[in-house]
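*Asks:* Fold the following, please.
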Amino acid sequence: MYHSGQSIFTKMKSFKKILKIAAFAIILLLAGFFIYIACSGSSLPDEYVETASQVIKNPLPEVIRGRTGFAKSQGLDIWYESIDPKTQPKGTVLLIMGISNDALGWPRKFIDAFVDSGYQVIRYDHRGVGWSDWVENWDAAKPYSLADMSEDVVAVLDALNVQKANIVGVSMGGMIAQEVAIRHPERTASLVSIASSGYIEDPNLPPISSAVAFDLVKVALKYGIFGGEKNILKMHLASRIILMGDAQYPLEVKSISEEVLYNIRKRKGYNMYVSQQHHAAVRLSGSRYEGLRRLTVPTLIIHGKSDPFIPIQHGKKCAEIIPNADTLWLDGMGHGIPGVLVDTLSKRMMGVFR
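*Replies:* Residues are numbered from 1 along each chain as shown. Below you'll find the predicted structure:
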């Protein structure tokens, strides 16, 4: 009996030793992983960091300039802002942002280009971001779709008594804009789809870049784990650099930093769960090719030749499918709307607006 107990005791000591070694190995692996993330995540130019630091120290300007309110859509409150021109509007432009992004993601220069040309401009927060309702009871087994998100657009138009609008969307916003044009052509004066796709999982087209997606995850881990305003600013700026791809242009660091800080300090901040919800909506929605083939509204497809995330072949496929679609393929444009191209983009877009 004594020998058997001693054997069990010895085995327990050996097992504890193995557990300690395993725990130490896991700690080493995690430390190595975070060192790798810290060293390999996209770094920021010193002047970007300095500008962001100055924005943190200075008083924030007011970035909401128009009439604001909430539209009711499928039981959710959807926040919107309507910016009016100084004269009678010649038309309405409704802007739809990309995945996990909110209304403040639209460059001020871009909005001003349309307002100064006499258009009413509407921007709104997707469900799950900004001041719109965050979907707390979201169920991965029953996610909302892009079709559901397109109803948010119609609800905003209804709340503002706008019968028709020029619907403009970027990335996932372009997909939602397509859904609006397909499902509500009577509310669509024209469609502008930027850096987007009619079917993101089309097996005959190059897929979304997994390398870019991983780089974005690394940046989120590098700057997002410890939080704080400066790190969150760095994360947003580094993500913009990644999404430039091979395009080379200066970021609007000051305005981007002001908008990010405004979200943190004066709105609800950033929803860490919404990316999963929006990705699920994109996957659930599948192909829009058949609906796009039936479109009769004036359409402009815009895509950057340097888009590192959604390959330009997706934009070209949309242009082939949509009857009489106009196109703009741009050098020096990645996945986003660079300030240096605002004049080029806005002038071409106003050529199809109604």
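*Asks:* Listing request: residues of the stretch 201-350 of the chain with sub-threshold pLDDT.
*Replies:* By pLDDT under 70, the stretch 201-350 of the chain has no low-scoring segment.
*Asks:* And the strands in it, which stretches?
*Replies:* Assigned by DSSP state E, counting those that start in this stretch, the strands in the stretch 201-350 of the chain fall at 299-304, 326-330.
*Asks:* Kindly reformat those as TSV containing distance to residue 262.
*Replies:* No exception for glycine: its C-beta is placed from N, CA and C like everyone else's. Compiled in TSV, the strands of the stretch 201-350 of the chain are given as follows (distance: least, C-beta to C-beta, whole Å):
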stretch	distance to residue 262
strand 299-304	27
strand 326-330	29
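*Asks:* Make JSON lines out of the ones you listed and add mean neighbour count.
*Replies:* JSON lines is the format used below for these (neighbours: other C-beta atoms under 10 Å):
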{"stretch": "strand 299-304", "mean neighbour count": "26"}
{"stretch": "strand 326-330", "mean neighbour count": "18"}
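*Asks:* quick one, which of these is nearest to residue 189?
*Replies:* Residue 189 lies closest, by C-beta to C-beta, to one member of the strands of the stretch 201-350 of the chain: strand 299-304, at 11.1 Å.
*Asks:* Using PDB, list the CA coordinates for that closest one.
*Replies:* Presented in PDB, the C-alpha positions along strand 299-304 are these (Å, rounded to 0.1, in the frame of the first residue of the first chain):
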ATOM      1  CA  THR A 299     -25.300  53.700 -63.000                       C
ATOM      2  CA  LEU A 300     -21.700  54.500 -62.500                       C
ATOM      3  CA  ILE A 301     -19.200  51.800 -61.300                       C
ATOM      4  CA  ILE A 302     -16.000  53.200 -59.800                       C
ATOM      5  CA  HIS A 303     -13.000  51.100 -58.800                       C
ATOM      6  CA  GLY A 304      -9.400  51.800 -58.000                       C
END
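*Asks:* what is the orientation angle of it with strand 326-330?
*Replies:* Orientation check (axes from the mean of the first three to the mean of the last three C-alpha atoms, to 10 degrees): strand 299-304 against strand 326-330 gives 10 degrees.
*Asks:* Run through who's touching strand 299-304.
*Replies:* With C-beta atoms under 8 Å, 6 or more residues apart in numbering as the test, strand 299-304 has contacts from 181, 190-196, 245, 247, 310, 312, 314-316, 318-319, 322, 324-330, 332-335, 345, 348-349, 351-352.
*Asks:* any idea how this structure splits into domains?
*Replies:* Split into domains by automatic domain parsing, the chain comes to 2-40, 50-350.
*Asks:* hey, which of the ones you listed is tucked in deepest?
*Replies:* domain 50-350 (a mean of 19; mean count of other C-beta atoms under 10 Å).
*Asks:* That one: end-to-end distance?
*Replies:* 36 Å (C-alpha to C-alpha, to the nearest Å).
*Asks:* re earlier: of the strands of the stretch 201-350 of the chain, which approaches residue 66 most closely?
*Replies:* When these are compared by C-beta to C-beta, strand 299-304 sits nearest residue 66, at 24.5 Å.
*Asks:* Sheet partners, orientation included, of that closest one?
*Replies:* Each strand that pairs with strand 299-304, with its direction, by DSSP bridges: strand 188-194 (parallel), strand 326-330 (parallel).
*Asks:* what's the average pLDDT for the longest one?
*Replies:* When pLDDT is averaged along strand 188-194, the result is 98.
*Asks:* and it, how far from the chain's centre?
*Replies:* Distance, stretch centre to chain centre, for strand 188-194: 18 Å (C-alpha atoms, centre = their mean, to the nearest Å).
*Asks:* And the shortest one, by the same measure?
*Replies:* A distance of 21 Å separates the centroid of the chain from that of strand 326-330, by C-alpha atoms, centre = their mean.
*Asks:* Can you tell me what sits against that strand?
*Replies:* Counting by C-beta under 8 Å, 6+ apart, 298-305, 312, 315-316, 319, 341, 344-345, 348, 351-352 sit against strand 326-330.
*Asks:* Now render the strands paired with strand 299-304 as JSON lines, adding distance to residue 241.
*Replies:* Listed next are the strands paired with strand 299-304 as JSON lines, based on distance: least, C-beta to C-beta, whole Å:
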{"stretch": "strand 188-194", "distance to residue 241": "19"}
{"stretch": "strand 326-330", "distance to residue 241": "18"}
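*Asks:* right, and the ones you listed - which one's nearest residue 72?
*Replies:* With C-beta to C-beta as the measure, strand 188-194 is the member of the strands paired with strand 299-304 nearest residue 72 (21.2 Å).
*Asks:* Next one: residue 255 from residue 232, what distance?
*Replies:* Residue 255 sits 16 Å away from residue 232, going by C-beta to C-beta, to the nearest Å.
*Asks:* How about the residue nearest to residue 315 when sequence neighbours are not counted: which residues does it bridge to?
*Replies:* Distances taken as C-beta to C-beta, 6 or more residues apart in numbering place residue 303 nearest to residue 315, at 3.2 Å, with adjacent residues excluded. Per DSSP bridges, the residues bridged to residue 303 are residue 329.
*Asks:* do you know how far residue 303 is from residue 258?
*Replies:* According to C-beta to C-beta, residue 303 stands 28 Å off from residue 258.
*Asks:* go on, residue 320?
*Replies:* Taken as C-beta to C-beta, the span from residue 320 to residue 258 is 40 Å.
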